[in-house]
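**Q** Just to be clear, the model below is a prediction. Sequence and coordinates:
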Amino acid sequence: CVGIVECGCSNPRDVATSTVSVASTTATTSAFSPASTATIPSDSTLIQSTSYKIGKYDACWEVAPDKSVVVAICDQSNLRQWWKVYFGQLVNVDNSGNPQCVGVADKLDGTLLTASSCGTGTGQFFFFNPSSNNIRPAVSYTCLTVNSSNGTINQKSCSNTADQQFIASKQDIFFPSFSTTSCSSYTFRKEWRDMTTQDRQAFIDAMDAVRAMPSVVGRRSYFDDLVAVHATFLNFVHGNHLFWPWHRAYITIFEQALQKSNPEVTLPYWDWALDGDAPFQNTDIFGSNISQYGTRGNPTESYPTCISDGFAKSWTSMYGQCTSRNYTLDAVVYDDSYMIPLVLNSTDFGSFANAAETAHAVVHAYIGGLQGDLYYIDLSTNDPLFFLHHANVGWL
């Protein structure tokens, strides 16, 4: 669904952090429950080693009392064996109801997989390979491995051996199903200037609702979850061909969150190419009232230069920092005289993607300014203009 994320395709949430999208081999449910007939929650899975056995029984991942991850006899009734996947993080909820993410502390071979509070480090994010059944930490791209001497899980250089192969009791937790048919529904996105006052307010209210939604991994809010995944994967999905499909999926996940608050809301876009060398004359966006995106902070101050107007003036980031913007009044962005030939004259996706990503980066740099959130990739999602900007990039 990467290429058609505006359509009504199923389950795009984990496309954002996985570079694969086909089904993996899986075992039958009975193979995962020798000790119990309990029903595992629909959003959770057991993770089984394809090779390691405990006596005659299959072995599944479990969080041990010391927070290390080990293999134990598969048991569907054991909460310490229940795993969820959120944005590439493997999450187990402890007996107190607190989410904990597993990860490796560094890149060294032999580093143990352990559970701790969910963060933004790449040691807690994983890639899942359906052809090899490997699970790879993003920090090292090594393979998680069962230590046959003590049953712990650690990372080692990939060797295509059975001790590095794992399967899920519910394969679509790792590899969401994708539609193979034509889309049955479509999302119609409007340019901000074409929206009514009521539509704009509905969108702003939905954004506030997303910022108040509970986090799935113990952060301040679901919005912070979205900020964190963009910050964590910035080196994987910028400056390469993943930029376009990853960000299209990413903003669709955000749009789906908006629609949980109001199903009628869609993500608008800002067609900055219409504004060219005078972007700040677009007073539908740049203005001080509560239906506008605000102007800029004090340019004489050091970072962060907090905006003091517009609907996001009281926003703070997951780091507790204000929304910052510090453009210069003579800033320019690419207009249609550049963008139209770029689209029409590109001979292949690679050349188009590179040129268009550069044009997109100009907006980040000049509208954010050196002391603004948009300028810094890991902080850019704290400026609400990020989502309008990328909605525009997504339809090019």
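**A** Now that the structure is in, tell me what you want to look at.
**Q** Taking the centroid of this protein, which residue is nearest it?
**A** Val229 (4.2 Å; C-alpha atoms, centre = their mean).
**Q** Contact partners for the closest residue to Leu90 other than its chain neighbours?
**A** Spatial nearest neighbour of Leu90, chain neighbours left out: Val102 (5.0 Å); criterion: C-beta to C-beta, 6 or more residues apart in numbering. C-beta here means a position set from N, CA and C on the backbone, and glycine is covered the same way. Residues in contact with Val102 (C-beta atoms under 8 Å, 6 or more residues apart in numbering) are 63, 69, 90, 92, 113-115, 124.
**Q** swap the cut-off to 6 Å and go again
**A** Residues counted as contacts of Val102 (C-beta atoms under 6 Å, 6 or more residues apart in numbering) are 69, 90, 113, 115.
**Q** Of those, just say which sits nearest to Asp271.
**A** Using C-beta to C-beta, Leu90 comes nearest to Asp271 of the contacts of Val102, at 39.2 Å.
**Q** Point out where the stretch 101-250 of the chain drops to low pLDDT.
**A** Judged by pLDDT under 70, the stretch 101-250 of the chain has its weakly predicted residues at 177-179.
**Q** all helices of it, in order?
**A** Listed in chain order, the helices of the stretch 101-250 of the chain (DSSP state H, counting those that start in this stretch) span 171-174, 197-212, 222-232, 243-261.
**Q** Adding distance to Phe387, write the ones you listed out as JSON lines.
**A** JSON lines is the format used below for the helices of the stretch 101-250 of the chain (distance: least, C-beta to C-beta, whole Å):
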{"stretch": "helix 171-174", "distance to Phe387": "27"}
{"stretch": "helix 197-212", "distance to Phe387": "8"}
{"stretch": "helix 222-232", "distance to Phe387": "10"}
{"stretch": "helix 243-261", "distance to Phe387": "6"}
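**Q** A helix includes Tyr366, no?
**A** Yes - using DSSP: H, G, I helix; E, B strand; the rest coil, the assignment for Tyr366 is a helix.
**Q** which non-adjacent residue is nearest it?
**A** In space, not counting the residues next to it along the chain, Tyr366 is nearest to Ala331; the distance is 3.8 Å by C-beta to C-beta, 6+ apart.
**Q** can you give me the end-to-end distance of stretch 64-72?
**A** Its first and final residues considered, stretch 64-72 spans 9 Å by C-alpha to C-alpha, to the nearest Å.
**Q** For that stretch, which residues meet the burial criterion?
**A** Within stretch 64-72, the residues that qualify as buried are 68-72, counting by 16 or more other C-beta atoms under 10 Å.
**Q** Pull the distance from that stretch to the chain's centre.
**A** Once both centres are worked out by C-alpha atoms, centre = their mean, to the nearest Å, stretch 64-72 turns out to sit 27 Å from its chain's centre.
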